[in-house]
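Novice: okay, predicted coordinates and the sequence, questions at the end:
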Amino acid sequence: EVQLVESGGGLVQAGGSLRLSCAASARIFDDFVIGWFRQVPGKKREGVACINSSDGATYYADSLEDRFTISGDNAKHTWYLQMNSLKPEDTAVYYCNAESVYIPTGYWGQGTQVTVSS
C-alpha cells in the first residue's frame, strides 16, 4: 500500500513562512488529485488546496487570500504546500491526501503540526 508522509511543519511567528512536503512511497495512480487539508481539534477537517496530477490545475480555499501555493513533482512522488504570511488561525494539523480520479480510493498521510504564534 502507498504511504504518504508529510513533513515541514513546525512553530513559526505570524507573518512567517513554511513549506510542507508530502512524499509518496510509490507511484500512486495513473491520474490523481493531491490535496492538502487541515484540522483543528474539535473542528471538521477542511480543504486547503489541491492539484491535479495530469494537467497541474490547482484549487484553493477562498479564505487563504492567495497566501498558499500548491505544487508538485510527479516523477519524484512529492508535492508541496508553500505557506506565506502565516496567521495564528492557520494553526492546525495539515494532512496530505491522494485521490484517484477514476476510482473511489485514496490515501492519507499522518499529518504534520503547524503552529503560528502571534
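Specialist: Received, thanks.

Novice: wait, residue 86 touches residue 11, no?
Specialist: No: counting by Cβ atoms under 8 Å, residue 86 sits too far from residue 11 to count as a contact (10.5 Å). All C-beta spots, glycine's among them, are computed from the backbone N, C-alpha and C.

Novice: intersection of neighbour lists for the two?
Specialist: By Cβ atoms under 8 Å, 6 or more residues apart in numbering, residue 86 and residue 11 have these common neighbours: residue 116.

Novice: please identify which helix or strand holds residue 116.
Specialist: Residue 116 is located in strand 112-117, with elements delineated by DSSP states H and E.

Novice: buried ones in that strand, by neighbour count?
Specialist: Across strand 112-117, burial judged by 16 or more other Cβ atoms under 10 Å covers 112, 114, 116.

Novice: next one: stretch 32-49
Specialist: For stretch 32-49, a neighbour-count test (16+ other Cβ under 10 Å) marks 32, 33, 34, 35, 36, 37, 38, 48, 49 as buried.

Novice: OK, contacts around the first one?
Specialist: Looking back up the chat, that one is residue 32. Contact analysis of residue 32 by Cβ under 8 Å, 6+ apart lists 53, 98, 99, 100, 101, 106.
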